[in-house]
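S.K.: Okay, sequence plus prediction incoming.
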Amino acid sequence: MSDNDVRAMIIIGGGPAGYTAALYAARANLQPLVIEGFQWGGQLMITSDVENYPGYPDGILGPQMMQEFRRQAERFGAEFVTDDVTRVDLSEQPFHVYVGDEDYLAASVIVATGASARQLGLESEVSFQGRGVTYCAVCDAAFYGDKQVIVVGGGDSAMEEAIFLTKFASKVTIVHRRDEFRASQIMLDRAKAHEKIEFVTNAVVDEVLGDGVMKAVRLRGVDDDSTWELPADGLFVAIGHDPNTSLFVDQLDHDDAGYLVTTPGSTATNVEGVFAVGDVVDHTYRQAVTAAGSGCMGALDAERYLAAREGHAGTALTAPRPEAAEV
Ligand code: NAP
C-alpha cells in the first residue's frame with residue numbers, strides 16, 4: 001500500500017489499547033496501520049511483573065506482554081510505524097495523520113496514545129534526569145544496588161515502585177506531601193511492613209542536589225517550610241500521569257485534565273470516524289486489561305462505522321478466519 005492510499009484505519013499509539021484494537025481490526029481484514037510511537041509499548045514497558053492480567057497465572061513482565069500483544073496483531077496483518085505522530089488533521093475525510101513530512105490518510109482513526117508520567121517541575125529534576133532522577137523503577141532499579149533511594153508520591157504507583165526497589169536498594173524512603181495516602185490499603189500496608197522502606201510525610205522535594213550525579217535531595221516541610229537534606233543516590237518520581245493528548249486537544253472534546261471524552265457506552269469521539277480508547281480516555285481504571293477491552297471496543301466501533309459508511313464487510317470481527325482457530 002502506498003502512503004498516498006486511504007487506509008481503512010490508522011491506530012495511533014502502541015500500548016495494550018492500540019495493539020488490541022489492531023488485533024481486532026486486522027482480523028476484520030481492515031489492515032490497520034499502527035503508528036505506535038518511537039517508544040512503543042506504553043506504560044507497561046516501565047512496569048514490573050504484571051500479575052493481574054487474566055491468562056498469566058504466574059505473572060508476566062510488562063515489556064514481554066507488549067511484545068506478545070504486538071506479535072499477535074502482526075500475525076493477522078497489522079502494519080507498524082515505529083515513530084511518533086507529529087500532527088493530525090481530523091477536520092475532514094480522509095483524516096490526515098502526519099509523521100514528520102509523511103502524510104498517512106485514513107477513513108477512521110483510533111486514538112490510543114495513553115498517558116505519561118508526571119514530573120515534579122523542578123529545574124534540578126530535569127538536570128539530574130538519567131543521573132539519579134528517574135520515573136521508572138523497573139527500568140532503573142538495578143542501577144541502585146545497595147544504594148539509598150527516594151520515591152515521591154502517595155498513590156499505588158509510589159508503593160509499587162518502592163516495593164520493587166527494595167529488591168535492589170539498601171533503603172527506600174517514600175516522601176509524600178500529605179499524611180494520608182491515595183494508595184490502596186493493601187499496597188500501603190505492604191510498603192509500611194517492609195523493613196527497607198521508611199516514610200517521610202508532609203514534605204515535598206524542593207531541590208535535587210549533587211555534583212554531576214545526584215547525592216541528596218532538599219526536602220521542605222509543608223507545615224512549617226523548614227528544609228533539610230536527605231542523602232540519596234536515586235529519586236524515583238511516582239506522582240501520577242497525564243493523558244497524551246496534545247495532538248488532539250484543539251480537535252477532539254476533552255475534559256479539564258485533557259482526557260478525551262467519548263460518547264457514553266461507546267468509543268466515539270465528537271468527530272465521526274475518530275475513536276478514542278485506553279488511558280487517553282480512562283482516568284479511573286487505568287489497567288492493562290481495561291485498556292485492552294477498550295481497544296477491542298474501539299475496533300468494533302470503527303469497523304461498524306466503516307461498514308456503514310463504505311460497505312466494508314461487517315461480519316469478520318465475530319467470524320474467525322481459519323488460522324484464528326489456532327489461537
Ligand atoms: P495517583 O493515584 O494519582 O497518586 C499520585 C500521588 O502523587 C498522590 O499521592 C499525589 O498526592 C502525589 N502527587 C501528585 N503531584 C505531586 C507533586 N507535584 N508533588 C508531590 N506529590 C504529588 O497516581 P498513581 O499512584 O500513579 O496511580 C494512578 C492509578 O493507577 C490509581 O488508580 C492506582 O490505583 C492505579 N495503580 C494501580 C497499581 C496496582 O494496582 N498494582 C499500581 C499503580 C497504579 P496527593 O494525594 O496529595 O494528591
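M.R.: Noted; the coordinates are in hand.
S.K.: all contacts plus neighbour counts: C-alpha atoms, from now on.
M.R.: Fine.
S.K.: Least confident secondary structure element in the chain?
M.R.: Least confident helix or strand of the chain, by mean pLDDT, DSSP states H and E, is strand 49-50 with a mean of 74.
S.K.: Quick check: residues of this structure near the ligand?
M.R.: Proximity of the chain to the ligand, by Cα under 6 Å from any ligand atom, involves residues 120, 153-158, 160, 176-178, 181-182, 204, 239-240, 284-286.
S.K.: Please flag which of those residues sit within strands.
M.R.: In strands, defined here by DSSP state E, the members of the residues of the chain next to the ligand are 176, 204.
S.K.: Looking at the residues of the chain next to the ligand, which are in helices?
M.R.: Taking DSSP state H, the ones among those that sit in helices are 156-158, 160.
S.K.: What is the nearest of those to D103?
M.R.: S157 (37.4 Å; Cα to Cα).
S.K.: Provide a list of residues in contact with that closest one.
M.R.: Contacts here follow Cα atoms under 8 Å, 6 or more residues apart in numbering; on that basis S157 touches 183, 238-240.
S.K.: Neighbour count added to the residues you listed, as JSON lines?
M.R.: Shown next, in JSON lines, are these (neighbours: other Cα atoms under 10 Å):
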{"residue": "A183", "neighbour count": "17"}
{"residue": "A238", "neighbour count": "27"}
{"residue": "I239", "neighbour count": "19"}
{"residue": "G240", "neighbour count": "16"}
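S.K.: Just name the closest of those to D223, please.
M.R.: I239 (20.0 Å).
S.K.: Return the residues in contact with the closest one.
M.R.: So I239 contacts 117-120, 152-155, 157-158 (Cα under 8 Å, 6+ apart).
S.K.: Buried among those residues? Make that a PyMOL selection.
M.R.: Buried subset of the contacts of I239, written as a PyMOL selection, criterion 16 or more other Cα atoms under 10 Å:
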select buried, resi 117+119+120+152+153+154+155+157+158
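S.K.: Ramachandran angles for D279?
M.R.: Here is the backbone geometry of D279 (degrees, to the nearest 10): phi -70, psi -10.
S.K.: which ones are touching it?
M.R.: 112-115, 243, 286, 291.
S.K.: send the alpha carbons of the longest helix seen in the chain over as CSV?
M.R.: In the chain, assigned by DSSP H, the helix with the most residues is helix 288-310. Provided in CSV are the C-alpha atoms of helix 288-310 (Å, rounded to 0.1, in the frame of the first residue of the first chain):
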residue,chain,number,x,y,z
ALA,A,288,-3.9,-3.1,31.1
VAL,A,289,-7.0,-5.3,30.9
THR,A,290,-9.4,-2.4,30.8
ALA,A,291,-7.2,-0.7,28.2
ALA,A,292,-7.2,-3.8,26.1
GLY,A,293,-11.0,-4.2,26.4
SER,A,294,-11.4,-0.6,25.4
GLY,A,295,-9.2,-1.2,22.4
CYS,A,296,-11.4,-4.0,21.3
MET,A,297,-14.4,-1.7,21.7
GLY,A,298,-12.7,0.9,19.5
ALA,A,299,-12.0,-1.6,16.7
LEU,A,300,-15.6,-2.8,16.8
ASP,A,301,-17.0,0.7,16.8
ALA,A,302,-14.7,1.8,14.0
GLU,A,303,-15.4,-1.3,11.9
ARG,A,304,-19.1,-0.8,12.2
TYR,A,305,-18.6,2.9,11.3
LEU,A,306,-16.7,1.8,8.2
ALA,A,307,-19.1,-0.9,7.3
ALA,A,308,-22.0,1.6,7.4
ARG,A,309,-20.0,4.3,5.5
GLU,A,310,-18.2,2.3,2.9
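S.K.: Contacts for that helix, please.
M.R.: So helix 288-310 is contacted by 8, 16-22, 24-25, 28, 44, 53-54, 107-110, 112, 266-268, 273-279, 312-314, 317 (Cα under 8 Å, 6+ apart).
S.K.: Let's see the PyMOL selection covering just the buried ones among these.
M.R.: PyMOL command restricting the contacts of helix 288-310 to the buried ones, with burial defined by 16+ other Cα under 10 Å:
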select buried, resi 8+16+17+18+19+20+21+22+24+25+28+44+107+108+109+110+112+267+268+273+274+275+276+277+278+279+312+314+317
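S.K.: Just the contacts of helix 288-310: which are in strands?
M.R.: 8, 107-110, 274-276.
S.K.: Max pairwise distance over those residues: which two?
M.R.: Taking Cα to Cα, no two of those sit farther apart than A8 and A276, at 16.0 Å.
S.K.: For the stretch 1-150 of the chain, which segments are assigned as strands?
M.R.: Using DSSP state E, counting those that start in this stretch, the strands of the stretch 1-150 of the chain run over residues 6-12, 33-35, 49-50, 60-61, 79-81, 87-89, 95-99, 102-111, 115-117, 133-134, 148-152.
S.K.: Can you tell me which of the ones you listed has the worst average pLDDT?
M.R.: Mean pLDDT is lowest for strand 49-50 among the strands of the stretch 1-150 of the chain, at a mean of 74.
S.K.: Nice, that's everything, thank you.
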